[in-house]
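Undergrad: Need a 3D model of the following:
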Amino acid sequence: MGSLTTSPAEQLIHFGKKLNSASIGKDALIELLQKVEKSLQQIPDAQPETLDTVKGALIKQSVLRHKDKAIFQAFFDLLANLKERDPLIFSCAHDLLQSIAKYKIFLLMLDLDDEKDFLITLFKTLFEATTDFNFNTIYGDVLEVLHGVLCESEEEYAEVLDSMLQPLLSPHKRYFLDVLDKDEVVESELQGDYHELIYEVFVTCPEILLPIIPRLQGELQVDDEATRLAAVALVGRLLRIPDMHVELSYRRLYVEFLKRFVDRQPAVRLAMLDWAQDFLNECFDACHAEIFTPIQARLLDPEERIRIRACALLCEVHITSPEIVPLVCLKAVSERLRDKRLSVRTAVLQQLANVFRAHCIQYVGSKRIPQDGGEGLEWIPGKILRCCGDPELRHSAVEPILAFHLFPAKLSVDVRMKIWALTYAHADQWTDKSLQYLLRAKSRLQQELATYLELRSEIREAARSKKREDSNLASQLAERLQALAASFQDPSKAIEQLKKMHDLKDELIFSSLQRLLDPANDTQTLLNEREEILKRISSSTAQDRGLFEFMKLLVTKAALVFFSCQHVRAGLKLIRGGLDKVSTQATKVLLEATLTLLKNIARSFPALFATSMTDLHLILK
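TA: Numbers count the residues shown, from 1 in each chain. Reported below is the predicted structural model:
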């Protein structure tokens, strides 16, 4: 059958029958495939019915597993001509490339035993054949061919990936340079995600991006805030790649990146702090210690939210990795307890308590106890105590922190008391005065609450005996409520809540309040009474959140949770044990601090020693 007298479709059917021959030789097979390719070019649109014979022949093992396996190499040899500048040679090679892309001929390679080798050769051939003069012409067809085989391949080969990425060093690095240049228009579906593309390329072959580092460094300095934020996000991700050490390999980029800690826009500075926390938790090394300097500087940032974020960062990183955060940074955080903004002071108070509680977890359920000389963080409770001098913190924040947030719930009273003694060993006169103030205030509130509860009983007794309301009792009630309200930051609001409390009908609430004042109760009993009160308040006044929060603060102020009779016994026990090894200087300091602490407790709550008289007598002997 002559090709000049038949249509391209008929020729394809004829060639397909010949391809089915099992005895066809290499040269004949190559010649036949070239004729198939020429016929395919003459068919303007895909006509599946004309391709069935050819497709069936091509997918047969007799073709795919031809003894020379040279058929695909022949394609590669022809495709290599894409780099030729001769118009005729280039045109033939380009026509072949377009046909391969259109009919997905190279998908047949994926069924061969040497799939990996063929894929590597394919990528190498096409990348080497792509030059500056033909890039715009063949780019779409090359992409179509490579995309097709990658999507259909069921295997992932590192060597194939290397062959994909290595050619990007030249000449295709210009794509990255163009997308970083805002004055140039780059028409690409990837343009909006070029930072993601840069990251993915960098993970596999970082040297590819050497030419674009100066441009990326420039993005960190441009006026547009969104661009700087995007650059911060990208460089931050690059720095977090394990074992890549971008901060060492690209020092100028890293230095410019760290300057974003002092960026003029708060959003960028916040983004840097967010990055820093992730970086310190995941990638910290001794060489990264310099990062703490700009972080610490943000503790003095003009923006309130950034100061709070910097404090949280240092404290939270210390909780997870205490060995990497310098002590000077934590002490700098504690200085923000004197911040001009209440929100900052409140946040720092809670963060420092979290740090100390995490530090104390090591003593829970183990035989390990703090050393007599301390372990480095005993100054934190002292800093919290000194907040009693802050009018905005002392009434509502300090006592809840000391009672419920400073120590792990399961930490023994013996260990707690030793920690308090160590705190006192490192305390100054202001810490000592703060504790004395706190204990006096608590004692005064207990006395006023006891007087009120006694008066309330008289009022109820008078009501039960159906006596006429005594105006004197009403006057006394007003005085008692006024005296109780003085222990709160806003006495006028406290009066309103105390009146609501007085009107409560649940007598068990007031019985629990009475037991809360008993100095013989241990810490757990006090906590149980507190929970009982709050549970009953919640059920009695479900809609009145204000009263619940007020009662929550009232019972915290009234209960001797952080210094109960148990703490006194633990302190006396600590002294007795220390007398046997008083030869060490650390022990002497600890004993003196314990005695000073117990003396302060005795001044305000002498009744707490009633259950410890035996221990006291033994010490005096």
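
Undergrad: which stretches of the stretch 351-500 of the chain aren't confidently modelled?
TA: Filtered on pLDDT under 70, the stretch 351-500 of the chain yields the residue ranges 375, 466-470.

Undergrad: In it, mark out all the helices, start to finish.
TA: 379-385, 391-394, 398-400, 413-425, 429-464, 471-485, 491-502 (DSSP state H, counting those that start in this stretch).

Undergrad: what helices or strands is the fourth one leaning on?
TA: Under the contact criterion of 3 or more Cβ pairs under 8 Å, 6 or more residues apart in numbering; DSSP states H and E, the helices and strands touching helix 413-425 comprise helix 379-385, helix 429-464, helix 565-578, helix 585-604. Every C-beta, even on glycine, is put in place using the N, C-alpha and C of the backbone.

Undergrad: Just name the most buried of the ones you listed.
TA: helix 379-385 (a mean of 24; mean count of other Cβ atoms under 10 Å).

Undergrad: Give the other helices and strands that that one contacts.
TA: Applying 3+ Cβ pairs under 8 Å, 6+ apart, one finds that helix 379-385 makes contact with helix 327-334, helix 342-360, helix 413-425, helix 429-464.

Undergrad: ok, Val317 to Leu406 distance?
TA: 20 Å (Cβ to Cβ, to the nearest Å).

Undergrad: So which elements touch the helix or strand encompassing Ile533?
TA: According to DSSP states H and E, Ile533 maps onto helix 523-540. Applying 3+ Cβ pairs under 8 Å, 6+ apart, we find helix 523-540 packed against helix 507-516, helix 545-558.

Undergrad: For the stretch 51-200 of the chain, which segments count as helices?
TA: So, for the stretch 51-200 of the chain - with DSSP H, counting those that start in this stretch - the helices run 61-64, 71-79, 87-103, 115-129, 135-152, 158-165, 173-180, 194-204.

Undergrad: Export those as JSON lines, with columns for distance to Gly374, mean neighbour count and mean pLDDT.
TA: JSON lines is the format used below for those (distance: least, Cβ to Cβ, whole Å; neighbours: other Cβ atoms under 10 Å; pLDDT from 0 to 100):
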{"stretch": "helix 61-64", "distance to Gly374": "77", "mean neighbour count": "14", "mean pLDDT": "48"}
{"stretch": "helix 71-79", "distance to Gly374": "74", "mean neighbour count": "18", "mean pLDDT": "82"}
{"stretch": "helix 87-103", "distance to Gly374": "74", "mean neighbour count": "17", "mean pLDDT": "87"}
{"stretch": "helix 115-129", "distance to Gly374": "63", "mean neighbour count": "19", "mean pLDDT": "85"}
{"stretch": "helix 135-152", "distance to Gly374": "62", "mean neighbour count": "15", "mean pLDDT": "85"}
{"stretch": "helix 158-165", "distance to Gly374": "53", "mean neighbour count": "16", "mean pLDDT": "62"}
{"stretch": "helix 173-180", "distance to Gly374": "54", "mean neighbour count": "18", "mean pLDDT": "53"}
{"stretch": "helix 194-204", "distance to Gly374": "46", "mean neighbour count": "16", "mean pLDDT": "76"}
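
Undergrad: In JSON lines: those, plus distance to Leu422.
TA: As requested, those are exported to JSON lines (distance: least, Cβ to Cβ, whole Å):
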{"stretch": "helix 61-64", "distance to Leu422": "79"}
{"stretch": "helix 71-79", "distance to Leu422": "77"}
{"stretch": "helix 87-103", "distance to Leu422": "76"}
{"stretch": "helix 115-129", "distance to Leu422": "65"}
{"stretch": "helix 135-152", "distance to Leu422": "64"}
{"stretch": "helix 158-165", "distance to Leu422": "56"}
{"stretch": "helix 173-180", "distance to Leu422": "56"}
{"stretch": "helix 194-204", "distance to Leu422": "48"}
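
Undergrad: For Gly382, find the nearest of those.
TA: Ranking those by proximity to Gly382 (Cβ to Cβ) places helix 194-204 first, at 46.6 Å.

Undergrad: related to what we said a few turns ago, which of the helices and strands packed on helix 413-425 sits closest to Val364?
TA: Of all the helices and strands packed on helix 413-425, it is helix 565-578 that lies closest to Val364, at 15.8 Å by Cβ to Cβ.

Undergrad: Which neighbouring elements make contact with the closest one?
TA: Helix 565-578 is packed against helix 413-425, helix 585-604, helix 613-620, with contacts defined by 3+ Cβ pairs under 8 Å, 6+ apart.

Undergrad: Let me have these in CSV, adding distance to Ser512 as columns.
TA: Shown next, in CSV, are the helices and strands packed on helix 565-578 (distance: least, Cβ to Cβ, whole Å):
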stretch, distance to Ser512
helix 413-425, 22
helix 585-604, 23
helix 613-620, 28
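
Undergrad: Among these, which comes closest to Glu461?
TA: Closest approach to Glu461 among the helices and strands packed on helix 565-578 (Cβ to Cβ): helix 585-604, 31.2 Å.

Undergrad: Stretch 272-286: which residues count as buried?
TA: The neighbour-count check on stretch 272-286 (16 or more other Cβ atoms under 10 Å) flags 272-273, 275-277, 279-280, 283-284 as buried.

Undergrad: and which of these is nearest to Glu392?
TA: Leu273 (25.8 Å).

Undergrad: Grab the nearest non-local neighbour of that closest one.
TA: Arg309 (5.0 Å; Cβ to Cβ, 6 or more residues apart in numbering).

Undergrad: and that neighbour, what element?
TA: Using DSSP H and E, Arg309 sits in helix 304-320.

Undergrad: ok so, going back, tell me which of the helices and strands packed on helix 565-578 sits nearest to Ser91.
TA: Nearest of the helices and strands packed on helix 565-578 (Cβ to Cβ): helix 413-425, 85.3 Å.
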